[in-house]
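Participant: here's my sequence, what's the structure:
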Amino acid sequence: MVVTTSLVTTLMLRGTALSTSMSPSQSHALTGNLSPSHGKQMKRKRTTEAMDEFLAHLHHIRDHLEEKGKVPKYHKFNDGRKKEKYEEAKNNHSSKGMLEMARRAEEARLAKGEMRNALLGTEEDRKKAYQQLKDDRKAAYELRRQEQEAATQANLPYVGFHARTKDVMQNIRVGNLVFLVGPAGSGKTHMAQDVAKRLDKPFYFTGSVHQKHELLGFIDAMGKLTRTPFREAYEHGGMFLFDEYDASSPHAITPFNAALSNGQCAFPDHIVDQHSDFIAIAAGNTYGTGANRQYVGRFQQDAASLDRFVFIEIDYDKELEERLAHEAFVGQGGMPSKKGLVNKWVNDVRKIRRAINEMGLRHIVSPRASIMGSKLLAIGVSDTFMNESLIYKGMSIDQQEQIKAWMKEDLKGGKQSVENKKEILKGFSS
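Facilitator: Below you'll find the model as predicted:
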């Protein structure tokens with residue numbers, strides 16, 4: 001006969017609760033009346049002796065298994081208060097029925113509590129199992145990312161990135177120069193990196209430039225040449241992203257436009273022919289027509305320069321925002337099963353973004369707020385802190401309340417709601 005560890009533990013706990021923890025009078029009360037006949041006394045005595053012999057046998061088996069390290073030690077009572085209540089019930093109610101009820105209640109507690117401990121192990125074991133579960137899920141997400149990357153390198157359809165990726169790829173394949181225009185945090189840089197991976201090309205980029213040498217490089221006083229990312233991509237091939245193109249000085253980017261048109265570029269040391277695998281993408285928050293209320297640090301670019309590009313508008317992609325937010329949450333140790341927290345946060349960010357845009361405020365709430373907030377959610381940061389630091393960012397309490405009031409009126413709808421919104425805007429501007 002094979003005796004399992006959990007069975008031995010459970011039987012011992014139940015037997016101990018019924019016999020060893022009871023006084024003789026209480027055991028007596030369980031098996032009969034308080035003043036039975038001699039025959040009944042002998043029957044109870046034999047029953048008690050059999051139970052003691054059975055418990056002794058179980059103790060022997062347990063000790064044997066403990067020597068081999070197969071049985072953890074468990075306490076009969078997890079809660080001292082529950083033990084006191086049980087003892088009190090036994091002392092106060094001597095009738096057989098009340099003791100039977102107490103016994104069944106104790107059995108139920110042991111079955112739910114101690115049997116669960118016997119099956120799942122100690123608290124430390126449960127923590128290890130929980131950590132292992134998180135590690136396994138992280139590994140699953142990493143495997144999914146690797147599969148997507150492999151599909152990209154094999155030039156297979158790539159699912160889950162920005163909705164305009166296909167348009168960018170089509171224009172690059174026919175040799176058109178692409179200008180990605182969209183609000184801050186819409187994924188322009190991320191898209192350029194993704195396209196470079198799909199085409200299996202090295203990725204280079206630079207931000208806004210105000211002097212030509214920031215783009216072309218220079219020779220220092222010691223005669224040493226300082227190269228730039230644009231020089232590397234133009235000479236050796238690769239994907240070059242000219243980010244913040246509309247924030248650059250029109251004079252400084254003149255060599256860039258000439259290099260794209262002529263197929264050659266005059267660098268400080270000599271003229272370099274354009275590599276056959278060179279691809280350039282520009283990106284900006286405006287169409288190059290100058291500053292606006294939202295993006296004040298922008299220059300009006302030369303019309304001839306802008307005419308070289310195919311403009312592709314990159315707006316906020318809802319599916320991409322959700323996916324990146326969930327990946328950020330899991331990457332910081334959050335449980336994928338808690339995705340409801342991420343969904344709620346992302347939806348709140350979108351509602352506030354929509355209200356701010358409708359109110360025409362000079363304030364940006366981009367998907368970066370969703371992504372960074374999801375990381376903070378994974379480590380238990382409060383919503384109050386995230387709202388202040390990622391969404392409202394310097395707005396007064398009154399302004400925040402006015403935005404919330406706008407959102408409430410937006411839910412109501414109707415003519416009265418429109419009038420109320422106008423009053424809210426007046427109060428905001430004042």
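Participant: quick one: contacts for the closest residue to residue 252 other than its chain neighbours?
Facilitator: Nearest non-adjacent residue to residue 252, counting by CB to CB, 6 or more residues apart in numbering: residue 209, 4.7 Å away. Bear in mind the C-beta positions are built from the backbone N, C-alpha and C, glycine included. Residue 209 makes contacts with 215, 248-249, 252-253, as judged by CB atoms under 8 Å, 6 or more residues apart in numbering.
Participant: per-residue confidence at residue 209?
Facilitator: Per-residue pLDDT puts residue 209 at 93.
Participant: now it, what's its secondary structure?
Facilitator: coil (DSSP: H, G, I helix; E, B strand; the rest coil).
Participant: and it, its phi and psi?
Facilitator: Backbone torsions of residue 209, given as degrees, to the nearest 10, read phi -120, psi 150.
Participant: ok, which stretches of the stretch 251-400 of the chain are strands?
Facilitator: All strands of the stretch 251-400 of the chain, identified by DSSP state E, counting those that start in this stretch, fall at 264-266, 271-273, 278-284, 309-313.
Participant: domain parsing for the protein?
Facilitator: 5-121, 122-159, 162-313, 318-429 (automatic domain parsing).
Participant: for the third one, measure first residue to last.
Facilitator: Across its full length, domain 162-313 reaches 12 Å between end residues, using CA to CA, to the nearest Å.
Participant: on that earlier part again, in a markdown table, list the strands of the stretch 251-400 of the chain along with distance to residue 347.
Facilitator: Compiled in a markdown table, these are given as follows (distance: least, CB to CB, whole Å):
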| stretch | distance to residue 347 |
| --- | --- |
| strand 264-266 | 48 |
| strand 271-273 | 50 |
| strand 278-284 | 28 |
| strand 309-313 | 24 |
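Participant: buried deepest among those strands, which one?
Facilitator: strand 278-284 (a mean of 23; mean count of other CB atoms under 10 Å).
Participant: contact partners of that one?
Facilitator: Contacts of strand 278-284 (CB under 8 Å, 6+ apart): 168, 172, 177-181, 188-189, 192, 195, 199, 201, 233-234, 237-247, 260, 298, 309.
Participant: pull out the buried residues from the helix or strand hosting residue 401.
Facilitator: Using DSSP states H and E, residue 401 sits within helix 397-412. By neighbour count on 16 or more other CB atoms under 10 Å, the buried set for helix 397-412 is 402-403, 405-407, 409.
Participant: got TSV for the residues you listed, with pLDDT too?
Facilitator: As requested, the buried residues of helix 397-412 are arranged in TSV below (pLDDT from 0 to 100):
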residue	pLDDT
402	80
403	83
405	82
406	78
407	79
409	76
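Participant: and which of the residues you listed is nearest to residue 362?
Facilitator: If you rank those by distance to residue 362 using CB to CB, residue 403 comes first, at 13.3 Å.
Participant: surely the closest one meets residue 356?
Facilitator: Yes: in this structure residue 403 lies within contact range of residue 356 using CB atoms under 8 Å: 6.6 Å.
Participant: low-confidence regions, this structure specifically.
Facilitator: Counting by pLDDT under 70, the chain shows low-confidence ranges at 1-123, 125-127, 129-130, 133-134, 136-137, 140-141, 143-161, 413-430.
Participant: so who does residue 267 touch?
Facilitator: Residue 267 is in contact with 216-217, 231, counting by CB under 8 Å, 6+ apart.
Participant: next, count neighbours for residue 286.
Facilitator: By the measure other CB atoms under 10 Å, the count of residues near residue 286 is 20.
Participant: now do the contacts for it.
Facilitator: 181, 246, 292, 295, 298.
Participant: tell me the bridge partners for the first one.
Facilitator: The one in question is residue 181. residue 284, residue 313 (DSSP bridges).
Participant: enumerate every residue touching the closest residue to residue 341 other than its chain neighbours.
Facilitator: Spatial nearest neighbour of residue 341, chain neighbours left out: residue 377 (5.5 Å); criterion: CB to CB, 6+ apart. Counting by CB under 8 Å, 6+ apart, residue 377 touches 329, 334, 341-342, 345, 386.
Participant: how about a cut-off of 10 Å?
Facilitator: Residue 377 makes contact with 325, 328-329, 332, 334, 338, 341-342, 344-345, 383, 386, according to CB atoms under 10 Å, 6 or more residues apart in numbering.
Participant: type out the ChimeraX command that picks the buried ones from those.
Facilitator: The ChimeraX selection below is limited to those of the contacts of residue 377 classed as buried (16+ other CB under 10 Å):
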select :325,328,329,334,342,345,386
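Participant: in TSV, list the contacts of residue 377 along with distance to residue 288.
Facilitator: Shown next, in TSV, are these (distance: CB to CB, whole Å):
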residue	distance to residue 288
325	31
328	32
329	37
332	38
334	40
338	43
341	40
342	36
344	38
345	35
383	39
386	35
